[in-house]
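1. This is the structure alone, sequence omitted:
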């Protein structure tokens with residue numbers, strides 16, 4: 001037998017008998033690529049490298065045991081299709097480029113679901129770009145810890161995106177939650193804390209904002225050029241500083257602000273040329289406006305706001321206009337004012353005389369903003385007392401409420417809003433949902 005042939009046979013046997021080399025762990029992207037359209041992927045527990053790109057309709061369920069670390073560059077998960085569900089993942093360590101909008105999740109598709117994930121150390125949290133009918137629910141989102149507030153990214157960003165549901169998310173230490181050029185979205189039940197703008201709308205009409213807790217941000221909700229937004233049943237408190245405001249409106253019309261608790265802010269509600277469109281109104285009904293430095297402030301003498309059935313309690317100043325002017329061209333009716341000193345002889349819980357808010361020495365800081373430093377001082381209190389007792393000049397009438405409430409215990413009359421007073425699940429866009437992915 002040929003010696004060379006014998007050697008080859010022996011070498012082959014040795015190779016076959018030797019243990020196989022350990023396989024490299026399969027990447028998450030490879031698992032996704034191997035998953036068929038419409039199937040579910042449950043990756044083995046562990047940490048995987050990003051970035052991830054998804055271009056087919058699948059479900060990825062990390063079951064709270066899977067981390068995707070992007071190594072500090074780019075976006076962690078890019079969804080470029082419809083019908084994807086991402087749940088139970090920990091997404092971390094995106095890039096830090098604002099121009100590229102480095103994010104935990106970027107969505108450019110429709111009918112996707114992002115729920116029950118933890119997104120941290122990502123510049124932006126969830127970025128929806130021209131994305132419709134998506135759900136972002138019960139995620140915990142924070143930006144990069146070491147960045148100053150002004151250079152952090154946005155927790156959630158909607159850009160030209162419609163009919164989305166952003167619900168029950170917990171947002172901490174991010175810059176803003178922005179809704180730009182986007183309509184017909186529902187933003188509900190979120191807990192937003194320690195950012196700059198809790199919610200910032202820009203050119204975004206017909207959105208619904210309800211049941212959110214927005215607190216310890218520089219600004220609670222700010223509506224710029226965003227008409228016909230409904231803001232109801234929210235808790236907005238502890239917006240302090242020079243720009244601190246619970247709800248701000250700039251050149252915005254047709255807004256409904258109903259049944260909110262607006263507490264402990266520098267300014268409760270702030271109006272800047274709002275409503276802007278002639279013939280429209282902003283309706284402010286049934287809110288509790290309390291413990292603010294200023295309850296409601298107007299940048300200038302303006303009209304078109306209906307302020308009805310609200311409770312004004314323990315505000316340092318109930319209503320102001322930045323220039324020395326009046327707010328009486330707006331409608332004030334049926335509000336409770338804790339400083340009202342009238343009587344109710346017929347026991348109908350409505351004061352017998354109108355509530356009139358007049359300006360005495362307050363005009364000093366309206367004309368000279370630096371004089372606000374003396375608010376609450378004995379000198380200012382003495383001036384107020386003397387002007388009430390014997391006015392130096394005729395005081396300015398700020399507002400008149402013809403039907404002031406005698407008690408804060410009343411049921412506010414809230415106008416119905418077509419299409420929003422039924423169960424939200426019933427009025428939203430219908431989805432084909434054979435696997436129950438859109439339910440809690």
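-> Yep, that arrived. Note that the structure is a prediction, hence the values are computed from the model and not measured. Residues are numbered from 1 along each chain as shown.
2. What residue, apart from its backbone neighbours, is nearest the residue nearest the centre of the chain spatially?
-> Nearest to the geometric centre of the chain sits residue 199, at 3.4 Å (Cα atoms, centre = their mean). Nearest residue to residue 199, sequence neighbours excluded (Cβ to Cβ, 6 or more residues apart in numbering): residue 221, at 4.6 Å. To be clear about C-beta, it is placed using only N, CA and C from the backbone, and glycine gets the same treatment.
3. and whichever strand or helix holds that neighbour, what does it pack onto?
-> Using DSSP states H and E, residue 221 falls within strand 219-224. Applying 3 or more Cβ pairs under 8 Å, 6 or more residues apart in numbering; DSSP states H and E, we find strand 219-224 packed against strand 197-202, strand 235-237, strand 245-250.
4. tally of neighbours for the closest residue to residue 273 other than its chain neighbours?
-> Leaving aside its sequence neighbours, residue 273 sits nearest to residue 251 (Cβ to Cβ, 6+ apart; 4.9 Å). Residues within reach of residue 251, counting by other Cβ atoms under 10 Å, total 15.
5. Flag the shaky bits of the protein, pLDDT-wise.
-> 1-25, 147, 360-393, 421-440 (pLDDT under 70).
6. Okay, domains of it per the record?
-> 34-174, 215-360+395-432 (automatic domain parsing).
7. Output those domains in TSV, with distance to residue 186 appended to each entry.
-> As requested, these are exported to TSV (distance: least, Cβ to Cβ, whole Å):
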stretch	distance to residue 186
domain 34-174	5
domain 215-360+395-432	6
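8. correct me, but the residue nearest to the centre of the chain touches residue 220?
-> Yes - counting by Cβ atoms under 8 Å, residue 220 is a contact partner of residue 199 at 7.4 Å.
9. Spell out which residues are contacts of both of these two.
-> Counting by Cβ atoms under 8 Å, 6 or more residues apart in numbering, the residues touching both residue 199 and residue 220 are residue 214.
10. who does the helix or strand harbouring residue 119 pair up with?
-> Counting by DSSP H and E, the element that carries residue 119 is strand 118-120. Here strand 118-120 is paired, per DSSP bridges, with strand 85-92 (parallel), strand 140-142 (parallel).
11. hey, where'd the helices end up in the stretch 301-440 of the chain?
-> 363-367, 378-389, 424-427 (DSSP state H, counting those that start in this stretch).
12. Span of stretch 55-74 from start to end?
-> 18 Å (Cα to Cα, to the nearest Å).
13. list the buried ones in it?
-> 56-62, 66-70, 74 (16 or more other Cβ atoms under 10 Å).
14. How about the contacts made by residue 233?
-> Residues in contact with residue 233 (Cβ under 8 Å, 6+ apart) are 210-211, 258-260.
15. 6 Å instead, please
-> 210-211, 259 (Cβ atoms under 6 Å, 6 or more residues apart in numbering).
16. Next, find the distance separating it from residue 412.
-> To residue 412, residue 233 is 12 Å away according to Cβ to Cβ, to the nearest Å.
17. next one: residue 298
-> The separation that residue 298 has from residue 412, given Cβ to Cβ, amounts to 22 Å.
18. With residue 240 instead?
-> Taken as Cβ to Cβ, the span from residue 240 to residue 412 is 27 Å.
19. Longest strand in the chain, please.
-> For the chain, the strand reaching the highest residue count under DSSP state E is reported as strand 59-69.
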